[in-house]
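[1] The sequence and its predicted three-dimensional model are supplied below.
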Amino acid sequence: MVDPYLRQSALAHLGLVGHPAPLDGAAGVTLGEHAFEGIVNLRANGGDKAAQDAVRAALGVGLPLEANTVETGDSARAFWLGPDEWWMVTAERDPEAGPRAAAKLRAALAGHHAAVTDVSESRACIQIRGPKARAVLQKGCPLDFHASVFTAGMCAQSHLAKVSATIYLAVDESTGGKDDNAPVFDVYVPRSCAEYAWRWLVDAGREYGVAIAAV
């Protein structure tokens, strides 16, 4: 087991935290690494109310049953990935957040037909925000990111520049898809592909101007 103080995020070697914060309006997109989120994969029967109640008691958030939606609680968010599959993403950002959340879920769901797997170390999260965020993502992803279609609180599994990705729209201030509004997307990719995805996003956003900031 790696000591917590030795752990590095997927993009730590790029020195992203050393970049100054961008000036407002200075770039079409702003990128940053959302490091050390706990991510737990949960397989369960969504129709089992007792299991739903157990999850809510453990992590303070229920399981969304509508496709491609996210339910948000005080300590975690629940991403719908399939009729019997969710990601539980912790609000706490710490290398041990995933194992702690998984342990709570396993204890709460004892006796239920469920599977709990901590997948935190296998994923990296890149945040992209700004008035051109949709345009950049659209260059490499087949999803429809128009403001009238992909709205705040939605998530979807797809691919970005040939990399499998789960994309979540955390904030959406868009009105009518105008360029002067700034949505905030979290893009989850396999850790092994994190640098490739990052460099692709930087290149795809170059025509609009790219800023790097801590998130």
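    That came in fine, so what should we check first?

[2] quick one: the residue most central in space within the chain and Asp48, what's the gap?
    Against the mean C-alpha coordinate of the chain, by C-alpha atoms, centre = their mean, the closest residue is Asp186 at 4.3 Å. Distance from Asp186 to Asp48, counting by C-beta to C-beta, to the nearest Å: 28 Å. The way it works is simple: take the backbone N, C-alpha and C, and place the C-beta from them, glycine included.

[3] swap in His146?
    36 Å.

[4] for the residue nearest to the centre of the chain, what are its contacts?
    Contacts of Asp186 were listed using C-beta atoms under 8 Å, 6 or more residues apart in numbering, and they are His34, Cys125, Ile126, Gln127, Ile167, Tyr168, Ala170.

[5] Please name the spatially closest residue to the second one (chain neighbours excluded).
    Across the structure, with C-beta to C-beta, 6 or more residues apart in numbering as the measure, the residue nearest Cys125 apart from its sequence neighbours is His34 (3.9 Å).

[6] My read is that the one you found contacts Val215, right?
    Yes. At 5.3 Å, His34 and Val215 qualify as touching, with contact defined as C-beta atoms under 8 Å.

[7] Could you provide the contacts of Asp186 in TSV, with additional columns for secondary structure, pLDDT and distance to Cys155?
    Listed next are these as TSV, based on DSSP: H, G, I helix; E, B strand; the rest coil; pLDDT from 0 to 100; distance: C-beta to C-beta, whole Å:
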residue	secondary structure	pLDDT	distance to Cys155
His34	coil	92	14
Cys125	strand	97	12
Ile126	strand	97	15
Gln127	strand	96	14
Ile167	strand	98	7
Tyr168	strand	98	4
Ala170	strand	94	10
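
[8] Distance from the helix or strand of the chain with the lowest mean pLDDT to the middle of the chain?
    Sorting the helices and strands of the chain by mean pLDDT, DSSP states H and E puts strand 210-212 at the bottom, at a mean of 92. With C-alpha atoms, centre = their mean, to the nearest Å as the basis, strand 210-212 stands 19 Å off its chain's centre.
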